[in-house]
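Peer 1: next comes the sequence, and after it the predicted model I'd like to discuss.
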Amino acid sequence: MPKQIIKKYYKFFIDKIKPKTRLDNYLIEKLPIMYTRSIIHQIIRLGNVYINKNKIIQKKSKLKKKDIIEIYNLYIKKAKFFLKSEKIKINMIYEDEYLLIINKPFNSVVHPGTSNPKGTILNGIKFYLEKTKIPKIPKIPKIPKIPLKKPYLANRIDKETSGLIIVVTDDKILNNLSKQFTLNLIKKKYIALVNGNIEKNNITIYSNIIRNRKNKYKMDISKFRGKVCLSTFKVIERLKYITVLKCRLYTGRTHQLRVHLKKLGHPIFNDKKYGGDQILCKKKIINHIIKKNYSNFIALHANSLELIHPIFRNKIKYNSIIPYQIYLLSFIFL
């Protein structure tokens, strides 16, 4: 299905306005709900906004009384997403008719996107759900057919990492689990291998995380802006050049553990985005083995998950086997 382009023209005459009102803030109040802040910023950057017949590309431009704002906008409405089913091997840890817990391997994409339309975990889950037996319904016209189950992701982990993820088959169950995440009722624990030796046995980091201005795929620590996040770390074992940690997430921000461990000065092993690829090892043979065999790998594994079942209301806890890549690394650095 091709993208649908809707041409729109808007004109606003400012009669009353507060002093030092920004252009983007004014447009957010005046334009329809479908125009989010990010869309409005894009419209301004593209030069589609005019004030008194002058093109404006600065979102922070100040408005004054009797200004005339004109918007020549091309709003691109994305096509509806269709999830294709594919036969993909899935490591199922827990399964019932309401939710699934899956052990995701390294270097596998969870959700399809523009760069990865197929071959993802969700494509495989949809194939699995289509093949499961659905109870037969008597041929009575008043009883509707059972709709096909659709998978929803309750949590995500990065492509280069591995571990447990929750997949549900109903949007109401998804809302229940999202509330559990908000109230910190779901406990997520990770095993991480970090560069260097950490002296303290227990560490707690509480900070704000914001998106990097130069690189939108990176996150940074901020003192005043961003979302608040909390992580705790416990040392399991200290090896020659790396330390094995048990990590606990209390909030689920993007790249939270990776950013916090970078702030600590001990980034996750082979995490190129946050400086973990700088291996602190003097032996050239070890460096050569690591670069050859661990190119698309970050030594972070979500090994434990505990939650309240949204239907049965009982606590369920599952652990996954630590991948052999992490075991091999620990033997290399003994």
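Peer 2: Okay, I see it.

Peer 1: isn't Tyr50 right next to Ile57, touching?
Peer 2: No. Tyr50 is beyond contact range of Ile57, at 10.6 Å (criterion: CB atoms under 8 Å). Where you see a C-beta, it was placed from the backbone N, CA and C, and this is true even at glycine.

Peer 1: neighbour count winner among the two?
Peer 2: In this view Tyr50 and Ile57 are compared by other CB atoms under 10 Å, and Tyr50 has more residues nearby, 15 against 11.

Peer 1: give me the nearest residue to that one, chain neighbours excluded.
Peer 2: Of all residues not flanking Tyr50 in the chain, Glu70 sits nearest, at 4.5 Å (CB to CB, 6 or more residues apart in numbering).

Peer 1: quick one: contacts for the one you found?
Peer 2: Tyr9, Tyr10, Lys11, Val49, Tyr50, Ile51, Lys53 (CB atoms under 8 Å, 6 or more residues apart in numbering).

Peer 1: which single strand of this protein contains the most residues?
Peer 2: Using DSSP state E, we find that the single longest strand of the chain is strand 227-238.

Peer 1: for the stretch 201-334 of the chain, which segments count as helices?
Peer 2: Under the criterion DSSP state H, counting those that start in this stretch, helices of the stretch 201-334 of the chain are mapped to 256-263, 284-293, 324-332.

Peer 1: quick one: Ile14 from Thr243, how far?
Peer 2: From Ile14 across to Thr243, the span is 59 Å (CB to CB, to the nearest Å).

Peer 1: quick one: which of the two has more around it?
Peer 2: Neighbour comparison, Ile14 and Thr243: the larger count goes to Thr243, with 21 against 16 (by other CB under 10 Å).

Peer 1: now do the contacts for that one.
Peer 2: Going by CB under 8 Å, 6+ apart, Thr243 touches Leu193, Val194, Gly196, Asn197, Ile198, Val235, Glu237, His266.

Peer 1: and those residues, which of them are buried?
Peer 2: Using 16 or more other CB atoms under 10 Å as the burial test, those include Leu193, Val194, Ile198, Val235, His266 as buried.

Peer 1: so where's the stretch 1-150 of the chain uncertain?
Peer 2: 1-7, 33, 73-81, 114, 133-149 (pLDDT under 70).

Peer 1: break down it into its strands, ranges please.
Peer 2: 4-13, 21-22, 49-51, 54-56, 62-63, 68-77, 92-95, 99-104 (DSSP state E, counting those that start in this stretch).

Peer 1: for the ones you listed, which one ends up most surrounded?
Peer 2: strand 99-104 (a mean of 22; mean count of other CB atoms under 10 Å).

Peer 1: in its sheet, which strands sit next to it, and in what direction?
Peer 2: When pairs are called by DSSP bridges, strand 99-104 turns out to pair with strand 92-95 (antiparallel), strand 162-168 (antiparallel).

Peer 1: right, and the strands of the stretch 1-150 of the chain - which one's nearest Asp158?
Peer 2: Smallest distance to Asp158 across the strands of the stretch 1-150 of the chain (CB to CB): 9.8 Å, for strand 99-104.

Peer 1: thinking again about what came up before, CSV for the strands paired with strand 99-104, including distance to Leu174?
Peer 2: Shown next, in CSV, are the strands paired with strand 99-104 (distance: least, CB to CB, whole Å):
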stretch, distance to Leu174
strand 92-95, 17
strand 162-168, 5
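
Peer 1: I'd like the strands of the stretch 1-150 of the chain laid out as CSV, including distance to Glu86.
Peer 2: As requested, the strands of the stretch 1-150 of the chain are exported to CSV (distance: least, CB to CB, whole Å):
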stretch, distance to Glu86
strand 4-13, 27
strand 21-22, 47
strand 49-51, 43
strand 54-56, 47
strand 62-63, 51
strand 68-77, 27
strand 92-95, 16
strand 99-104, 15
